[in-house]
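Enquirer: here is a sequence with its predicted model. Questions after.
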Amino acid sequence: MKQENHSSVERAMQSVEGIRRAQAPGYLYAKILSGVYRRQTQTVWERISAFIARPAVTLACIVLVVAVNAIIIFNGSSKPAANVIASAESVDFYSYDIYNAENLEP
Amino acid sequence: MNTWQDMVYNTALSVLMHETDAEDVAQDVFVSLYKNSHTFRGESAISTWLYRVTVNRCTDLLRQRNRGKKWWGKRVEVPAAEDWITFEHPGVLAEHKDHAVVLFNAIRKLPDHQRTAFVLNKVEGLRIVEIADIMKRSPASVESLLSRANQNLRQWLKKYYEAQVNTQ
C-alpha cells in the first residue's frame, strides 16, 4: 500500500515532464491591442483621475488631511492663555462705559 | 510577439490555473510594456522583464483573492481556499493528465515564491540562473526554493493519496 502511494506521488511529480507551452487563444492579440489603444486614447484628466483613484494615493491623502487637522487642533489648544487675554481685552474694550467714564471726570 | 504572448499566457495560466484570468494578466502585462517602453533600456532581456511582471501580477491577483479583497467597490470573486480545481494544462501529455490535475492542486497550496520558482522551472523550463534573474534572487536561494517546493509537494501528494486509499 505504502509502495503504491509512493509510486502515485512520483507519477504526479513527473506529470509535468515533457509539458508543452500552452498557446494563447487567437483573440488575445486583439485584446492586447484594444488595451494598448485604450491606453493611447486616454486623456490627461482620465489619467489623473485614475492616479488619484489608486488606493495608496487615496489613503495617503486621507492620512495627510487627518494629520494636518490634528496638528492644527493640537497647536491651537496648546495656547489657551493668549486666547483668554485676547478675549478679556475685547470684553474690557466693548464694556467700556463712556457715560460713566464722563461722570467720573471732575 | 506571438512567442512572447504564448510565454506570458502560459506562465500566467500555470500560476493562476484559470484561462480568463491568464488572458487578463497577459493584456495587463503588454499594456504595461507599452506604457514603460520609453523607460526600457534593455538592461535585462525583454523576456526576463516580461516574466517578472507576469509573475508579480499573478501573485498580486492571488493575494487579492486569498484576502477576499473588496476595494473601492471593485469586488473580486473569492473561490474557497480548499476548493478542488479540475484544471487541465493544455500542454500536459495525455497519459499524465490525471496525475497533473492532482499536481496542479498541490501547486496551488505552495507559498508564492516556491510556486513561482516551480512553475518557471518545470512548466516554462527555465534554468536556475534565469529564474534567479527574474525573481531578483541568488541562484542558491532559487535552488533552496525549488527544493522546498518539491518537498512540500511530495508531502501534500502523499497525504492526498493516503486519504484517497482510506476513503476507498
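Expert: Done, it's in. Residues are numbered from 1 along each chain as shown, chains lettered A, B, ... in the order given.

Enquirer: domains of chain A?
Expert: The record's domain split for chain A, according to automatic domain parsing, is A:24-53, A:54-106.

Enquirer: and these, which one is worst for confidence?
Expert: Among those, domain A:54-106 has the lowest mean pLDDT, at a mean of 73.

Enquirer: identify the residues contacting the residue sitting nearest the centre point of chain A.
Expert: The residue lying closest to the centre of chain A (CA atoms, centre = their mean) is residue A:59, at 1.6 Å. Under the criterion of CB atoms under 8 Å, 6 or more residues apart in numbering or on different chains, the contact list for residue A:59 is empty. Every residue, glycine included, has its C-beta placed from N, CA and C.

Enquirer: can I get whichever strand or helix holds residue A:45 in CSV, CA atoms only?
Expert: Using DSSP states H and E, residue A:45 sits within helix A:44-52. The C-alpha coordinates for helix A:44-52 follow below in CSV (Å, rounded to 0.1, in the frame of the first residue of the first chain):
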residue,chain,number,x,y,z
VAL,A,44,-4.8,63.7,-19.3
TRP,A,45,-7.8,64.0,-16.9
GLU,A,46,-8.6,60.3,-17.2
ARG,A,47,-5.0,59.5,-16.3
ILE,A,48,-5.1,62.0,-13.4
SER,A,49,-8.4,60.6,-12.0
ALA,A,50,-7.0,57.0,-12.4
PHE,A,51,-3.9,58.1,-10.4
ILE,A,52,-6.0,59.7,-7.7
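
Enquirer: can you list contacts of it?
Expert: A:42, A:57-58, A:61.

Enquirer: quick check: angle from the next helix or strand after that helix to helix A:44-52?
Expert: For helix A:44-52, the following helix or strand on the C-terminal side (DSSP H and E) is helix A:55-77. Going by axes from the mean of the first three to the mean of the last three CA atoms, to 10 degrees, helix A:55-77 is angled at 70 degrees with respect to helix A:44-52.

Enquirer: how far out from the middle of the chain is helix A:55-77?
Expert: Relative to the mean C-alpha coordinate of its chain, helix A:55-77 is positioned 10 Å out (CA atoms, centre = their mean, to the nearest Å).

Enquirer: do the same with stretch A:14-22
Expert: With CA atoms, centre = their mean as the basis, stretch A:14-22 stands 45 Å off its chain's centre.

Enquirer: and stretch B:143-159, by the same measure?
Expert: Offset of stretch B:143-159 from its chain centre (CA atoms, centre = their mean): 15 Å.

Enquirer: and stretch B:105-112, by the same measure?
Expert: On CA atoms, centre = their mean, the centre of stretch B:105-112 falls 9 Å from that of its chain.

Enquirer: ok, and what's touching that stretch?
Expert: Stretch B:105-112 has contacts (CB under 8 Å, 6+ apart) with A:12, B:17, B:59, B:62-63, B:84-85, B:87, B:115, B:118-119, B:149, B:152-153, B:156-157, B:160.

Enquirer: in it, which residues are buried?
Expert: For stretch B:105-112, the neighbour count (16 or more other CB atoms under 10 Å in any protein chain shown) marks B:105-108, B:110, B:112 as buried.

Enquirer: next one: stretch A:4-20
Expert: Across stretch A:4-20, burial judged by 16+ other CB under 10 Å covers A:5, A:8-9, A:11-13, A:15-16, A:19.

Enquirer: cool, stretch B:17-32 as well?
Expert: For stretch B:17-32, by 16+ other CB under 10 Å, it's B:17-19, B:21-32.

Enquirer: neighbours around residue A:64, how many?
Expert: If you count neighbours by other CB atoms under 10 Å in any protein chain shown, residue A:64 ends up with 10.
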